[in-house]
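Asks: one predicted model, sequence on top.
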Amino acid sequence: MGIQAESKSEPTWTHNRDDIAAYELNLYRVSVPDEGTTVNLTKVESKKLLKITSKISEAYGTALPKKTIHVIARLPSTGKGLALSSGRKPWIRQYERPVGIEQDQLVYTFGSGFPLLRREETLDVLWNGVPYYNGIFERFKNRNNRNKGLHPIPLLACEPGTGKSRFLREIGGMLREKVSSCSDQSIRSAFPNMVSINITYGSGTLASGSDVWIGGEASIAARLLYGYFISTDNFAKKAQLKPLLQKKGAERLTLNTTIEVIRTDIINRGTSTNGFSVLVINIDEVNHLHRGYPDTLRQAVHAVGALSCRTTEPFCIPIMASTIQGPVESMAMGSYRMLLLPLPLLTDADVVEIGLKLHLTIYDKIPPLTEDYLRNDILFRRSIADIGGMARAVEYFYLFFVFHLKKTKEIPGQAEELTECLRNVDIVVVMQQLVTELDTLYPFEEYEELMTPVLAKAILDMQGSPSRRLYAIAFTEQRRYCVFVFVLSNEMDQGTGFKRT
């Protein structure tokens with residue numbers, strides 16, 4: 001009888017064990033032939049995988065044989081591939097972005113520079129949680145407790161175009177501001193060394209069959225490495241994610257090992273002498289993973305749940321974002337809980353404030369949209385009311401408005417004259433273009449089935465909220481009719497998660 005410690009990578013016969021973490025080894029109880037017989041451990045069928053907390057006495061009893069117990073270790077390969085140690089591998093250094101170049105920011109569109117409004121409640125739920133669902137503050141206080149019930153996974157599940165990616169992009173700065181006003185000393189000491197990494201299953205790192213092959217945890221780990229070391233805002237990237245997913249050994253990537261690699265890099269760069277204490281992992285557009293690879297999404301959700309319960313530094317804050325809620329929640333049910341984050345729509349006042357802060361360069365002038373026009377023009381106010389606060393719709397509305405404003409031959413400098421110039425922009429044409437753009441971007445009919453039960457609960461007031469309201473954006477163009485529905489509530493609805501204020 002013997003104990004075989006087998007790494008998740010290929011075997012190599014070496015005595016150098018310095019870069020091998022204990023949690024990377026799988027421990028088996030195996031039966032081997034009598035002495036003198038050649039043993040090929042890869043062909044031993046009678047293996048029993050031991051748990052990380054297993055004791056030797058559980059495998060052999062209390063009376064241990066003195067001469068027949070052997071520990072045979074198969075160590076990770078030092079050859080090419082994605083087997084990681086605590087240092088950066090050549091494949092990372094080959095494509096690593098230069099120092100000072102920021103990572104991919106998820107959002108590049110016209111509205112990415114708009115003021116971030118109506119997100120206070122989202123941050124409050126993320127930080128403080130809701131009854132029976134801990135937020136970041138209580139999770140941090142219980143960071144040494146692996147109880148799954150204490151560490152729900154934050155989930156931002158909202159309709160398309162409501163600002164999920166923008167919130168994830170800004171969350172690092174928002175959390176730092178939150179910490180600055182926190183009186184708890186342990187929080188104030190830990191969060192200054194916070195690192196935030198954005199990864200996505202959309203855009204240039206779209207979910208694919210490679211994610212299925214390597215598994216959910218490895219697909220997140222690979223994106224973490226890509227997001228931290230390689231991805232940039234430069235569209236001409238030196239490397240894409242797909243070759244990394246297909247690299248030999250990618251299926252053996254673990255989140256724990258990946259985090260240690262990032263931690264070591266931060267120390268080596270001199271950013272922090274103690275590494276970092278808090279890691280925020282923003283996982284965007286997981287709906288793409290569900291659409292074609294639901295089993296892989298299930299693995300990913302459980303890997304994220306385990307990460308939330310991690311008791312060693314850094315303290316991890318994973319945040320998942322998706323246009324779907326039910327499938328993600330059902331995959332976590334029974335194992336991990338989901339903290340559903342609200343994402344309120346913009347109010348008409350918010351849309352006006354965005355307009356006031358737009359600085360548009362037209363013909364070498366910087367004419368603001370006048371307050372008189374934004375607050376008092378009837379057609380403009382009716383148009384933004386029809387938009388209903390959908391962030392992406394507001395973005396395109398202003399984009400098309402500016403496009404038509406630029407067609408004006410001469411932009412006056414005086415406020416009164418400028419207001420009259422703004423009134424010459426054909427708002428009806430702007431709205432028609434907006435309808436066409438939204439109809440192209442979003443297959444609204446796909447969300448009808450998902451929204452039906454939520455809408456029914458809102459209308460019937462099944463959760464007892466006295467302030468639930470229903471908003472609908474309705475656009476008509478010729479004989480086509482497109483409706484996008486939002487359900488709003490002033491109280492968090494853990495039953496549906498569709499709380500929008």
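Replies: Everything's here; your move.

Asks: OK, contacts around His433?
Replies: Just so we're on the same page, residue 433 is Gln rather than His. 396, 400 (Cβ atoms under 8 Å, 6 or more residues apart in numbering). From N, CA and C alone the C-beta is placed, and that goes for glycine too.

Asks: next one: phi and psi at it?
Replies: phi -70, psi -40 (degrees, to the nearest 10).

Asks: do Phe315 as well
Replies: Dihedral angles of Phe315 (phi, psi; degrees, to the nearest 10) stand at phi -70, psi 120.

Asks: thought it was touching Ile259?
Replies: No. Using Cβ atoms under 8 Å, Phe315 is not in contact with Ile259, being 10.9 Å away.

Asks: tell me where the stretch 251-400 of the chain has strands.
Replies: Secondary structure of the stretch 251-400 of the chain by DSSP state E, counting those that start in this stretch: the strands cover 278-284, 315-322, 338-340.

Asks: who's more crowded, Phe315 and Ile259?
Replies: The residue with more neighbours, out of Phe315 and Ile259, is Ile259; 25 against 21, by other Cβ atoms under 10 Å.

Asks: circling back: could you name every residue contacting both of Phe315 and Ile259?
Replies: With Cβ under 8 Å, 6+ apart, Phe315 and Ile259 have common neighbours Leu279.

Asks: how does the protein divide up, domain by domain?
Replies: Annotated domains of the chain cover 2-74, 132-340, 348-440, 444-488 [automatic domain parsing].

Asks: tell me where the stretch 101-250 of the chain has strands.
Replies: Using DSSP E, counting those that start in this stretch, strands in the stretch 101-250 of the chain cover 153-157, 195-200.

Asks: ok, back up a step: mean pLDDT and distance to Val125 added to the strands of the stretch 251-400 of the chain, as TSV?
Replies: Shown next, in TSV, are the strands of the stretch 251-400 of the chain (pLDDT from 0 to 100; distance: least, Cβ to Cβ, whole Å):
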stretch	mean pLDDT	distance to Val125
strand 278-284	93	16
strand 315-322	93	12
strand 338-340	92	7
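
Asks: which helix in this protein runs the most residues?
Replies: Criterion DSSP state H: the longest helix present in the chain is helix 164-180.

Asks: and the angle from it to strand 278-284?
Replies: 160 degrees (axes from the mean of the first three to the mean of the last three Cα atoms, to 10 degrees).

Asks: surely Val429 meets Phe401?
Replies: No. Applying Cβ under 8 Å, one finds Val429 not in contact with Phe401, separated by 10.0 Å.

Asks: between the two, which has more neighbouring residues?
Replies: Per other Cβ under 10 Å, whichever of Val429 and Phe401 has more neighbours is Phe401, with 24 against 11.

Asks: for the more buried one, what is the enclosing helix or strand?
Replies: Phe401 belongs to helix 391-405 when assigned by DSSP states H and E.

Asks: and that helix, what does it pack against?
Replies: helix 348-356, helix 378-387, helix 427-441 (3 or more Cβ pairs under 8 Å, 6 or more residues apart in numbering; DSSP states H and E).

Asks: Ser31 is nearest to which of the strands of the stretch 251-400 of the chain?
Replies: Ranking the strands of the stretch 251-400 of the chain by proximity to Ser31 (Cβ to Cβ) places strand 315-322 first, at 39.3 Å.

Asks: can you list contacts of the closest one?
Replies: So strand 315-322 is contacted by 126, 136, 139-140, 143, 153-157, 164-165, 167-168, 171, 190, 259, 277-287, 290, 301, 304, 307-308, 310, 328, 341 (Cβ under 8 Å, 6+ apart).
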